[in-house]
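> sequence? don't have it. structure:
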């Protein structure tokens, strides 16, 4: 099978990039900002989109620095200028070689952090701190926490337990590359939006608002006024 046939390739890639840290503390101390795609519809990389004079990446790093002792950025490759996040440079995790999708990236992230990890996509600009704090509170050792928005999961605003690596490997080996299926392969808590999470949203009507197009950016500007 082309690409990653299991999480093994992600493990090897992580070891090549640095020592894997193993911790027994069940708390969530690591947060990874997932850079993702190139933002072609926006005409620029998503992390460099500015809102109120601040890039999306800096916005996230500023928002989460007080909540997580360790901030990371996950991207396809090291940026050419070596700069990450302006005045808040985080650690960088490079996508494993041969990655075919976000499921491979998540496996690589967990191998690198070696601990329960909050993963947040850079194009989720409205995700409230209070809601993320609630997701962290819901985490238990051996169980990932993935919000459920109507009938779909929000896997890029989720807490991943290291035990999810085995579930990811099982999915990949069975030819499935969708994180929507992760609860069938490992233990997951699936708090519902809005039923289980609205009281922690701080009045934000759509905390999982996703920035993909110029129209989305215009809508965000209006929401921010």
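Okay, I see it. Keep in mind the model is a prediction, meaning the values are calculated, not measured. Residues are numbered from 1 along each chain as shown.
> for the protein, which spans come out with low pLDDT?
Filtered on pLDDT under 70, the chain yields the residue ranges 1-26, 37-39, 43, 78-89.
> where do the helices of it begin and end?
Counting by DSSP state H, the chain has helices at residues 8-17, 56-64, 102-113, 129-138, 164-173, 214-224.
> quick check, central residue of this protein?
residue 119 (2.5 Å; C-alpha atoms, centre = their mean).
> which residues does that residue bridge with?
residue 32, residue 158 (DSSP bridges).
> so it touches residue 164, yeah?
No: counting by C-beta atoms under 8 Å, residue 164 is not a contact partner of residue 119; they are 10.5 Å apart. In short, each C-beta sits where N, CA and C put it, glycine included.
> any residues in contact with both of those two?
By C-beta atoms under 8 Å, 6 or more residues apart in numbering, residue 119 and residue 164 have these common neighbours: residue 106.
> just send the helices of the chain back as CSV, with mean neighbour count too.
Shown next, in CSV, are those (neighbours: other C-beta atoms under 10 Å):
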stretch, mean neighbour count
helix 8-17, 18
helix 56-64, 21
helix 102-113, 25
helix 129-138, 17
helix 164-173, 21
helix 214-224, 13
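> and those helices as a markdown table, adding distance to residue 186?
Compiled in a markdown table, the helices of the chain are given as follows (distance: least, C-beta to C-beta, whole Å):
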| stretch | distance to residue 186 |
| --- | --- |
| helix 8-17 | 15 |
| helix 56-64 | 25 |
| helix 102-113 | 11 |
| helix 129-138 | 16 |
| helix 164-173 | 3 |
| helix 214-224 | 32 |
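> between the ones you listed, which one is nearest to residue 189?
helix 129-138 (5.4 Å; C-beta to C-beta).
> contacts for that closest one next, please.
The contact list for helix 129-138 (C-beta under 8 Å, 6+ apart) reads 27-28, 63-64, 67, 118, 120, 145, 147, 157-159, 189, 191, 197, 200-202, 204, 207.
> same thing but 7 Å
For helix 129-138, the external contacting residues (C-beta atoms under 7 Å, 6 or more residues apart in numbering) are 28, 63, 67, 118, 145, 147, 159, 189, 191, 197, 200-202, 207.
> mark which of those are buried, thanks.
Among the contacts of helix 129-138, those scoring as buried are 28, 63, 118, 145, 147, 159, 189, 191, 197, 200, 201, 207 (criterion: 16 or more other C-beta atoms under 10 Å).
> mind checking how far the third one is from residue 72?
The gap separating residue 118 from residue 72 is 10 Å, by C-beta to C-beta, to the nearest Å.
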